[in-house]
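Q: Need the 3D shape of this:
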Amino acid sequence: MVLSSAILLIYILFAGVSTFGYGVIFSNYIIVDKKLNVGLIGILGFFLLFFISIFLHFFISLNTYLNLGLLFVGFIVGLKNIRLFKTVKNFKFYFITLTLIFLLSAFSSQTYADYEWYHLPYVNYLNSFKIIFGLVNISNNYVYGHGWLDIMGVFNLPIINTNGLTALPIVFYFYFIIFFFLEFYKNKVIFLKIISLFIILISFLIFNRLKDFGADIQPTFTLFIFIFLILKYYFYNNDQLILKLIILLFFYSCVLRIGSVVILPLFLIFFIINIKKYFQDILIKNFRLYTFLFIFFILFISKNFITTGCLFYP
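A: Numbers count the residues shown, from 1 in each chain. Below is the predicted model:
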């Protein structure tokens, strides 16, 4: 029991640092901005790993040793940039407090209901085979329509194997809380401080057990940040970074779960209102980011078409 708990603890810390490392790579070389909230950096690390997972799966299976090599690269980058967490006074105290809360949740809770029926078979498929044409004809369980499962496939590692995957959402949740924690402390707008604190409190009340975390939670958290940034944009109207993050997070939430497209009317209204600034300041100056999103989109719909015979699997 003690050994398994220690292994799980090491796994969570390794996954957290590695994900942060990939977020640093994404922010430095694709967004090309080093001013991001560190919580958002961690969340975007999952996004880059999502892209890597889909891309590699077209050619090879995501076996445990390949995954270990990928995550080790992120771990090294994450360690080298861990100083980015020193952005808030007394942050160490809050960091340790939040970490203890999440670890207690991870160790004391049951897995969520869909894991054995849908998620685990799909992850085993990712880890055992490269992409298979018409997989939906074998079983619907192998094509469960959540991008989070493609991310989970990268975190199947030697020794712990799939036993740690149900604790992985804790890492995503940690970065989500850190994002709003930093927004609460750094924002000068009282309204945004209140919204940040409200989201933190509500999330603690609703998502306080690991079994509450399924594949639907991550796109929901991403949409929370998306909506918050829209609000923030109108207080910082000339902030080009916020504008492109809004576009990025809308895309991110939709590929995590296509049902997130219900937020499309809000995105379109925002886009139409800011279309002039979008073309002048964002699209032209951020060719690298939008090229990445275009390639991601092609890979995403190609994966769905090959495995299901349709572009978007519900």
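
Q: Tell me where the model's unsure across the chain.
A: Residues of the chain meeting the criterion pLDDT under 70: 1-2, 87-117, 134-145, 208-212, 214-215, 237-238, 276-285, 308-314.

Q: The helix or strand encompassing residue 253 - contacts with which helices or strands?
A: For residue 253, the enclosing helix or strand under DSSP states H and E is helix 240-256. For helix 240-256, the packing partners by 3 or more CB pairs under 8 Å, 6 or more residues apart in numbering; DSSP states H and E come out as helix 38-57, helix 147-152, helix 217-233, helix 264-273, helix 287-308. C-beta coordinates here come from the backbone N, C-alpha and C atoms, glycine included.

Q: go with 7 Å
A: Helices and strands touching helix 240-256, by 3 or more CB pairs under 7 Å, 6 or more residues apart in numbering; DSSP states H and E, are helix 147-152, helix 217-233, helix 287-308.

Q: Need the single longest helix in the protein, by residues.
A: Longest among the helix segments of the chain by residue count, using DSSP state H, is helix 2-29.

Q: That helix vs helix 240-256, what angle?
A: 130 degrees (axes from the mean of the first three to the mean of the last three CA atoms, to 10 degrees).

Q: in helix 2-29, what's buried?
A: Buried residues in helix 2-29, defined by neighbour count with 16 or more other CB atoms under 10 Å: 8, 11-12, 14-27.

Q: Do me a favour and get the end-to-end distance for stretch 151-162?
A: Length of stretch 151-162, first residue to last, CA to CA, to the nearest Å: 13 Å.

Q: can you start the count at 52 instead of 1 from here on
A: Got it, the first residue is 52 from now on, which makes the last one we talked about stretch 202-213.

Q: what does that stretch rub up against?
A: 58, 62, 66, 97, 100-101, 103-104, 113, 115-116, 118-119, 121, 170-171, 174, 177-178, 216, 219 (CB atoms under 7 Å, 6 or more residues apart in numbering).

Q: just stretch 276-291 next, same as before
A: Residues from elsewhere that reach stretch 276-291, judged by CB under 7 Å, 6+ apart: 91, 230, 240, 243, 246, 293-294, 296-297, 300-301, 304, 321, 332-333.

Q: Now restrict these to buried residues only.
A: By neighbour count, with 16+ other CB under 10 Å, those hold 91, 230, 243, 246, 293-294, 296-297, 300-301, 304, 321, 333 as buried.

Q: re earlier: go ahead and build a ChimeraX selection from the buried members of the contacts of stretch 202-213.
A: With 16+ other CB under 10 Å as the criterion, this ChimeraX line picks the buried residues out of the contacts of stretch 202-213:
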select :62,66,97,100,101,103,104,113,115,118,119,121,170,171,174,177,178,216,219
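
Q: Only alpha carbons, please: show the helix or strand harbouring residue 249 as CSV.
A: Under the criterion of DSSP H and E, residue 249 resides in helix 241-257. What follows is helix 241-257 as a C-alpha-only set of coordinates in CSV (Å, rounded to 0.1, in the frame of the first residue of the first chain):
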residue,chain,number,x,y,z
ILE,A,241,-12.2,43.9,-8.8
PHE,A,242,-14.9,42.3,-11.0
LEU,A,243,-12.3,39.8,-12.4
LYS,A,244,-11.0,39.1,-8.9
ILE,A,245,-14.5,38.2,-7.7
ILE,A,246,-15.1,36.0,-10.8
SER,A,247,-11.8,34.2,-10.2
LEU,A,248,-12.5,33.6,-6.5
PHE,A,249,-16.1,32.4,-7.3
ILE,A,250,-14.8,29.8,-9.8
ILE,A,251,-12.2,28.5,-7.4
LEU,A,252,-14.8,28.1,-4.6
ILE,A,253,-17.4,26.5,-6.9
SER,A,254,-14.9,24.1,-8.3
PHE,A,255,-13.8,23.0,-4.8
LEU,A,256,-17.4,22.4,-3.8
ILE,A,257,-18.4,20.4,-7.0
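
Q: Touching it from outside, list them.
A: With contact meaning CB under 7 Å, 6+ apart, helix 241-257 is reached by 228, 231, 232, 234, 235, 238, 275, 279, 282, 283, 286.

Q: will you turn those into CSV that also has distance to residue 136?
A: As requested, the contacts of helix 241-257 are exported to CSV (distance: CB to CB, whole Å):
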residue, distance to residue 136
228, 13
231, 15
232, 11
234, 15
235, 16
238, 18
275, 21
279, 20
282, 25
283, 21
286, 25
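
Q: Spatially, which two of those residues are the most separated?
A: Spatially, the most separated pair among the contacts of helix 241-257 is 228 and 286, at 21.9 Å (CB to CB).

Q: okay, these two: which has more neighbours?
A: residue 228 (21 against 13; other CB atoms under 10 Å).

Q: need the contact list for residue 316.
A: Under the criterion of CB under 7 Å, 6+ apart, residue 316 has no contact partners.

Q: how about the nearest residue to residue 114, chain neighbours excluded?
A: Nearest residue to residue 114 in three dimensions, chain neighbours excluded: residue 178, at 6.0 Å (CB to CB, 6 or more residues apart in numbering).
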